[in-house]
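Undergrad: Here's my sequence, what's the structure:
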Amino acid sequence: MDSTRPCPPPNRSSRIAKTLQKVIHLKSGTKSRSNPGFCLLIPQEKLRCCESHQFQKEDAEEAKEECRNRAAMEAFVAKLFATISAVKAAYAELQMAQFPYNSEGIQSADQAVVDELKALSELKYSFLKKQIDSSPPHVTLMLAEIQEQQALMKTYEITMKKMQGEIENKDSRISSLQQQLQDIIQSNKSLEKKLNASGSFSFLDNVKFSDVNPKDFILVLHYALRSVRNFVKFLIREMESANWDIEAAANAIQPDIVFSKRDHKAFAFESYVCRETFTGFNDPGFSIQSNDQSTLPSEIHQRRVFFFEQFKKLRSASVVHFLKHNPNSLFGKFLKSKYLHLVHPKMEFSFSGNLNQRKVVNSGEYPETDFFKAFAEMGRRVWLLHCLAFSFDHEVSIFQVKQKAKFSEVYMESVTEEIFAAAEGGFRVAFTVVPGFKVGQTVVQSQVYLFPANSPAKS
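TA: Next up is the predicted model:
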């Protein structure tokens, strides 16, 4: 019984080892037949991660290369613009050196232009050969910007010098023209003073009692109107010196008239002066309230002779000289009456700050101020026209044209010619500037300010 023993149970760990050896032996036998070596299976996630890292690395390199190329191109373009600006500056300097002519300056500027063109040509060939790299690009870019700014400043300086030279030339020209203008004004004043002082015009000496005719009347009328306009200019200058509102004054004379030009307002003042001065022209005594009118000859022929003698006395006389020697003459009283009606006390006070001149005129004396001299010369010429009118053997009468009357070339003429070019169709009268006259069967046209018939005269 003792000799027979049961077999021990198999060891479990030894069985597992044997099984593992068989599996390894089997797999190694299979591998040796196909591909010797040891192989591990790699998961797909790890493969994709490696590929992504590789692509990112390549993209970063491409981005860096593109950035370097862009920086190089920017630096190249900056150098190009800087060189172009330098060419412009050198060419501007070359032009500046030619006027006035400067041989050394021209040679220097010409060489600068050539040098900059060469630099520009080198940039062109560099671009064509794709050799635009500049190291480092940011330094090149900064230097190019500095060069461009310097070239622009140089161009501006040259332009400023040129403009300064032109300004100096213009100033010199203006000064010369101003001096010429002053000389002409002084010459005109001197001539005007001589004419007004002497009052002598050769055509008046040729007027004879036996053959007075409408042509003489028209000549003397133009002679009088020159003096009227001279006085109107004097009056406007005085108003401006006294800070008058010229537009308001013109509107007070001719209300609500729309003037096509600013200087046309002078026609309003001329109409006022003519209206006041020529009032009473149809009356032999000029409607002056004076006892001297009773001394006028009642017989027509004698009256004609009387007025022609008055005409001869005054046609070559100085106004001041005549008034001093004939203070109570009919002409002197005419002058006094017209002055007191034409020159308002407020107007005189604004001009001179007092009414002394008015008091002198009212007392029967005549001041020797420039203002009164201009007025007196105008009055003398109007009085001469009046005397000549009553020297005719036929009637002379004056007429005014009503506002808004239709324009007639027979009885009227426009004081402005541009009205006919500016509008088409009919025209109407805004106001009469200078009255018209009828000398027998002859009509002397009135001078009127017109407006187109299809537009309102009033604002």
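
Undergrad: Tell me which helix or strand comes right after the lowest-mean-pLDDT helix or strand in the chain.
TA: Confidence across the helices and strands of the chain bottoms out at helix 12-34, with a mean of 49, counting by mean pLDDT, DSSP states H and E. Later in the chain than helix 12-34, the nearest helix or strand by DSSP states H and E is helix 44-98.

Undergrad: I'd like the average pLDDT over that next one.
TA: Averaged across helix 44-98, the pLDDT comes to 71.

Undergrad: so how far is that helix from its chain's centroid?
TA: A distance of 51 Å separates the C-alpha centroid of helix 44-98 from that of its chain, computed with Cα atoms, centre = their mean, to the nearest Å.

Undergrad: Check which helices and strands the helix or strand just after it is in contact with.
TA: Sequence order places helix 103-128 as the next helix or strand after helix 44-98, per DSSP H and E. Identification of packing neighbours for helix 103-128 by 3 or more Cβ pairs under 8 Å, 6 or more residues apart in numbering; DSSP states H and E yields helix 44-98. For the C-beta atoms, the positions are set from N, CA and C on the backbone; glycine is no exception.

Undergrad: what are the ranges of the strands in this protein?
TA: 396-399, 412-414, 427-434, 436-439, 442-444, 446-452 (DSSP state E).

Undergrad: Dump these to CSV, plus mean neighbour count and distance to K170.
TA: Below are the strands of the chain laid out as CSV (neighbours: other Cβ atoms under 10 Å; distance: least, Cβ to Cβ, whole Å):
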stretch, mean neighbour count, distance to K170
strand 396-399, 16, 51
strand 412-414, 19, 38
strand 427-434, 23, 39
strand 436-439, 20, 48
strand 442-444, 16, 48
strand 446-452, 22, 38
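
Undergrad: Switch these over to a markdown table; also include distance to P136 and mean pLDDT.
TA: Output for those, formatted as a markdown table (distance: least, Cβ to Cβ, whole Å; pLDDT from 0 to 100):
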| stretch | distance to P136 | mean pLDDT |
| --- | --- | --- |
| strand 396-399 | 97 | 92 |
| strand 412-414 | 81 | 93 |
| strand 427-434 | 81 | 92 |
| strand 436-439 | 93 | 94 |
| strand 442-444 | 95 | 93 |
| strand 446-452 | 77 | 91 |
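
Undergrad: export those to CSV and tack on distance to Q149?
TA: Shown next, in CSV, are the strands of the chain (distance: least, Cβ to Cβ, whole Å):
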stretch, distance to Q149
strand 396-399, 78
strand 412-414, 63
strand 427-434, 63
strand 436-439, 74
strand 442-444, 76
strand 446-452, 60
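
Undergrad: For D115, find the nearest of these.
TA: Closest approach to D115 among the strands of the chain (Cβ to Cβ): strand 446-452, 68.0 Å.

Undergrad: could you say what helices and strands that closest one packs with?
TA: Checked by 3+ Cβ pairs under 8 Å, 6+ apart, strand 446-452 has strand 412-414, helix 418-422, strand 427-434 packed alongside it.

Undergrad: Need the CA coordinates for that strand. PDB is fine.
TA: Taking C-alpha atoms only, strand 446-452 is exported to PDB below (Å, rounded to 0.1, in the frame of the first residue of the first chain):
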ATOM      1  CA  SER A 446     -33.800 161.200 -71.900                       C
ATOM      2  CA  GLN A 447     -31.400 158.800 -70.200                       C
ATOM      3  CA  VAL A 448     -33.200 156.000 -68.300                       C
ATOM      4  CA  TYR A 449     -32.400 153.000 -66.300                       C
ATOM      5  CA  LEU A 450     -34.200 150.000 -67.700                       C
ATOM      6  CA  PHE A 451     -35.400 146.500 -66.700                       C
ATOM      7  CA  PRO A 452     -36.600 143.700 -68.800                       C
END
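
Undergrad: If I take it and strand 427-434, what angle do their directions form?
TA: 150 degrees (axes from the mean of the first three to the mean of the last three Cα atoms, to 10 degrees).

Undergrad: Strand 446-452 pairs with which strands, parallel or anti?
TA: When sheet partners are counted by DSSP bridges, strand 446-452 sits next to strand 412-414 (parallel), strand 427-434 (antiparallel).
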